[in-house]
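>>> Dropping the sequence and predicted coords here.
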Amino acid sequence: MKTLSNTSAFFQSGAHPLPPDVISAAQPRVPHAADAISYPRVKVHSTAPLCVDLDGTLVKTDTLVDSVLVLARQNPRAILSIPGWLLQGKAAFKQHVTAAVSLDVAALPYNQPLLEYLFEQHAAGRPIFLATAADRTLAGRIAQHHRIFEDVLASDGSHNLAGGNKLAAFRARFGDQFSYIGNARPDLPILSACIEPMVANPSGSLMSGLRAARVVPAHIFRDSQSAFKAWLKAIRLHQWAKNTLIFLPFLLAHAWKGPRALGTIAGVVLAFFSFGLCASATYIVNDLLDIEADRRHHSKRRRPFAAGNLSAIAGVAVIALFLCASAASALALPIVAARLGAPLNPPHSFVAWLILYAVTTTAYSLVLKRVVLVDVIVLAGLYTVRIFAGGAAGDVEVSKWLGGFSVFFFLSLAFVKRFAELESLRHRGLAPTNGRGYLLDDIEQLRAFGTSAAYASVFFLIVYISNLDTHLYRNPGRLWLLLPVLLLWVSQLWLLASRGELNEDPVVYAITDKRSLLLGVLVIAVVLAAL
């Protein structure tokens with residue numbers, strides 16, 4: 001097993017440009033100033049060398065998985081090389097992946113209580129070692145960033161420093177006099193052998209193993225969120241509000257009446273859940289592919305995958321589960337509707353709209369979101385797809401004027417989202433770094449595009465009301481009251497955005513703002529009065 005005798009030897013290996021004298025003289029870097037939290041001090045129980053695991057311990061995620069995700073985003077073709085790299089062994093695979101991408105080590109989600117403890121131990125003069133199965137190049141960059149580690153023990157392309165190999169390396173270097181901080185079941189033999197075992201965000205299997213081995217951790221460093229809350233946030237349940245558009249054709253056509261009503265209602269409800277599951281799956285895909293960019297963002301870095309509160313591998317499993325459930329619901333829709341007396345014509349048109357939505361959303365996450373103006377047009381189109389999918393699920397014809405209203409209304413919302421993002425950056429004196437291609441100089445043009453689209457949607461609403469089937473309403477003239485409500489809402493939205501007071505997501509604003517909710521109630525009251 002190859003290890004590095006000291007920090008200077010490690011950095012002199014050519015992997016890192018910082019001179020050894022600068023490293024040894026440098027002061028420890030304060031972790032995540034933006035997240036500074038006061039943690040209770042942990043008493044120093046030992047002066048023995050302290051060895052700290054990396055993945056899942058010092059960093060709350062798996063850096064190898066993160067690297068593969070970044071590779072998929074930056075160079076998708078390189079993914080085809082992975083099978084060949086794996087055939088060369090785990091250590092070689094890690095070396096290839098690490099060489100192909102460069103994680104932003106400053107933005108990684110570190111375990112903050114543990115990091116503060118390590119800084120205290122370093123200040124007290126205790127030797128600390130970063131011991132990881134990750135490739136030594138990445139481990140060295142992390143050590144260089146924090147500058148509190150005496151040395152780095154890591155995989156080197158030939159030897160995989162994990163499990164028994166790691167314990168053997170410790171004994172060769174320290175004998176039996178060392179402390180260790182781990183997080184997973186493979187760390188159990190090391191924790192049982194060291195003089196001061198500690199754990200960080202430990203897995204349930206590790207804690208069970210420690211209890212069975214009668215090993216009591218000297219300290220547990222927890223920095224995690226409730227899994228239930230994290231998953232609710234990851235699937236973005238609040239975004240399911242967008243999928244209520246599926247009910248719009250059904251409601252506008254008054255399809256809840258007549259002998260086909262039960263089958264139509266069942267079909268539209270199934271369509272709602274099918275779209276919701278598919279959308280949540282694509283949100284997770286987006287978060288996994290954007291994991292590093294999100295970590296650099298002032299608010300998106302708190303997303304569950306970026307913050308390390310959820311495993312990326314678990315995310316992939318949920319994506320597969322949700323897509324299967326979505327497909328099953330879509331395929332069952334025509335069968336359920338037909339059995340309840342509302343056969344669809346054509347029967348699988350909803351499936352076609354769902355596939356179009358899934359493909360377009362995936363293309364948006366991979367490429368289109370980074371193409372200026374195309375991104376907002378695609379977003380507006382995805383809203384409109386929901387309306388036509390709802391028409392297919394309820395076997396209801398969608399008015400071309402309703403389609404036109406939808407395109408321009410949601411185009412305005414897409415523009416206001418981009419506008420709000422740039423306005424927030426301008427207020428904070430920052431430049432755009434998300435790779436979307438928009439510049440701060442584009443703010444006024446985006447305002448012009450967005451407000452024009454907003455008032456164009458009002459025009460389409462006028463035409464839509466003018467061409468309504470008056471047999472559906474006893475008092476159709478009352479629907480004209482919807483115009484001032486829409487004018488007030490879109491004008492208010494853009495006014496707040498121009499003041500820098502708008503949440504970057506207009507959907508969140510619409511379902512949380514009291515005035516917006518009041519206007520929504522007013523819309524319902526107007527429609528009911530017209531019936």
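It's in.

>>> how near is the closest residue to L289 other than its chain neighbours to V316?
The spatial neighbour of L289 that comes closest, neighbours along the chain excluded (CB to CB, 6 or more residues apart in numbering), is R73 at 4.9 Å. From N, CA and C alone the C-beta is placed, and that goes for glycine too. The gap separating R73 from V316 is 15 Å, by CB to CB, to the nearest Å.

>>> So which of the two has more stuff around it?
R73 (18 against 15; other CB atoms under 10 Å).

>>> who does the host helix or strand of the more buried one touch, helix- and strand-wise?
Using DSSP states H and E, R73 sits within helix 63-74. If you count contacts as 3 or more CB pairs under 8 Å, 6 or more residues apart in numbering; DSSP states H and E, helix 63-74 packs onto helix 90-100, helix 261-289, helix 291-295, helix 312-339.

>>> sorry, back to before: hang on, isn't the residue nearest to L289 packed against D287?
No - using CB atoms under 8 Å, R73 makes no contact with D287, being 11.6 Å away.

>>> By mean pLDDT, point me to the weakest helix or strand of the chain.
The helix or strand of the chain with the lowest confidence, counting by mean pLDDT, DSSP states H and E, is helix 20-25 at a mean of 31.

>>> Figure out how far the helix or strand just after that one is from the centre of its chain.
Downstream of helix 20-25, the first helix or strand assigned by DSSP H and E is strand 50-52. Centroid separation for strand 50-52 versus its chain: 31 Å, with CA atoms, centre = their mean, to the nearest Å.

>>> State the mean pLDDT of strand 50-52.
Mean pLDDT, strand 50-52: 97.

>>> Identify all contacting residues around that strand.
58, 114, 118, 121, 126-131, 153, 170, 174, 178-181, 194, 196 (CB atoms under 8 Å, 6 or more residues apart in numbering).

>>> so of the residues you listed, which ones are in strands?
Judged by DSSP state E, the contacts of strand 50-52 include 128-131, 153, 179-181, 196 as members of strands.

>>> of all these, which comes closest to G267?
I181 (54.6 Å; CB to CB).

>>> That closest one - how many residues pack around it?
Number of residues near I181 (other CB under 10 Å) recorded here: 30.

>>> For R147, see how far away it is.
In terms of CB to CB, I181 sits 18 Å off from R147.

>>> Just give the closest residue to T512, not the sequence neighbours.
Nearest residue to T512 in three dimensions, chain neighbours excluded: N503, at 7.8 Å (CB to CB, 6+ apart).

>>> one step back: contacting residues for the residue nearest to L289?
289-290, 292.

>>> cool, T451 as well?
Residues near T451 by CB under 8 Å, 6+ apart: 412, 494.

>>> A420 now?
Taking CB under 8 Å, 6+ apart as the contact definition, A420 lies against 497, 500, 502-504, 506.

>>> which residues of the stretch 301-450 of the chain fall in helices?
Applying DSSP state H, counting those that start in this stretch to the stretch 301-450 of the chain gives helices spanning 312-339, 349-366, 374-394, 400-427, 443-466.

>>> Can I get the following helix or strand past the last one as PDB, trimmed to CA atoms?
It refers to helix 443-466. Heading C-terminal from helix 443-466, the first helix or strand you meet, by DSSP H and E, is helix 482-498. In PDB, the C-alpha atoms belonging to helix 482-498 read as follows (Å, rounded to 0.1, in the frame of the first residue of the first chain):
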ATOM      1  CA  LEU A 482     -61.900  38.400 -15.400                       C
ATOM      2  CA  LEU A 483     -60.000  41.000 -17.500                       C
ATOM      3  CA  PRO A 484     -59.300  43.600 -14.800                       C
ATOM      4  CA  VAL A 485     -58.400  40.800 -12.400                       C
ATOM      5  CA  LEU A 486     -55.800  39.400 -14.900                       C
ATOM      6  CA  LEU A 487     -54.500  42.900 -15.700                       C
ATOM      7  CA  LEU A 488     -54.100  43.700 -12.000                       C
ATOM      8  CA  TRP A 489     -52.200  40.400 -11.300                       C
ATOM      9  CA  VAL A 490     -49.700  40.500 -14.200                       C
ATOM     10  CA  SER A 491     -49.100  44.200 -13.600                       C
ATOM     11  CA  GLN A 492     -48.500  43.600  -9.900                       C
ATOM     12  CA  LEU A 493     -46.200  40.700 -10.700                       C
ATOM     13  CA  TRP A 494     -43.900  42.800 -13.000                       C
ATOM     14  CA  LEU A 495     -44.000  45.800 -10.600                       C
ATOM     15  CA  LEU A 496     -42.700  43.600  -7.800                       C
ATOM     16  CA  ALA A 497     -40.100  42.000 -10.000                       C
ATOM     17  CA  SER A 498     -38.900  45.500 -11.000                       C
END
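
>>> Distance from helix 482-498 to the middle of the chain?
Distance of helix 482-498 from the chain centroid (CA atoms, centre = their mean) equals 30 Å.

>>> in that helix, what's buried?
By 16 or more other CB atoms under 10 Å, the buried positions in helix 482-498 come out as 482, 486, 489-490, 492-494, 496-498.
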